[in-house]
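> Sequence and computational prediction follow.
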Amino acid sequence: MIIETTIRLSAVGKVARPTWGRCVSALSVDNKFMVCGGGVNLGIWHLGMYSLATPMEADNVRHLTCEMTTDKILTGSMHPTLSQWDHSGKKISDVCGKTQSIYSILQTSNVSFTAGDSSLIDVYLNLGYVAFSLDAFPPQ
């Protein structure tokens, strides 16, 4: 027997943003939790309980990507800002990158990378600043 459960993100008042729509453009999942946002505000969801564990307050931002690791959550949005959050949903830092929007985040043990709406890939050796940028299409 298959039991089907649907979590209606846009119906949960703490993350609903009707003027932004109902899309989910940022998603990251581990064994117990899911982080997602986009039209709906970012939130950390408990998968076993099918419920919102905590909202992540981010006014006037549509998140386009997120990456959850064992110790932090990184988010990118329609702004040039890489945000770092803890697992309780508290924002730790914002770092301005060189692209206007961040579409992709890759996190390794020591280095973070972001890519967005330009040919630049920003490289963060620690999450306090952009250490350097790689240009995928350098001038010839």
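Structure's in. What do you need?

> what's the neighbour count on S83?
Applying other C-beta atoms under 10 Å, we find 23 residues neighbouring S83. For every residue, glycine as well, the C-beta is placed using N, CA and C.

> So it sits against C96, correct?
No. No contact is recorded between S83 and C96 when judged using C-beta atoms under 8 Å, the distance being 10.6 Å.

> List the buried residues of stretch 123-140.
When burial is assessed from 16 or more other C-beta atoms under 10 Å, stretch 123-140 yields the following buried residues: Y124, L127, V130, S133.

> Please report how far the nearest residue to L42 once chain neighbours are set aside lies from N110.
In space, L42 comes closest to M56 once its chain neighbours are excluded; the distance is 3.8 Å by C-beta to C-beta, 6 or more residues apart in numbering. With the distance defined as C-beta to C-beta, to the nearest Å, M56 ends up 25 Å from N110.

> And those two? Which one has more around it.
M56 (23 against 8).

> what sits against the more buried one?
Contacts here follow C-beta atoms under 8 Å, 6 or more residues apart in numbering; on that basis M56 touches V35, G37, N41, L42, G43, I44, I73, T75, W85, G89, K91.
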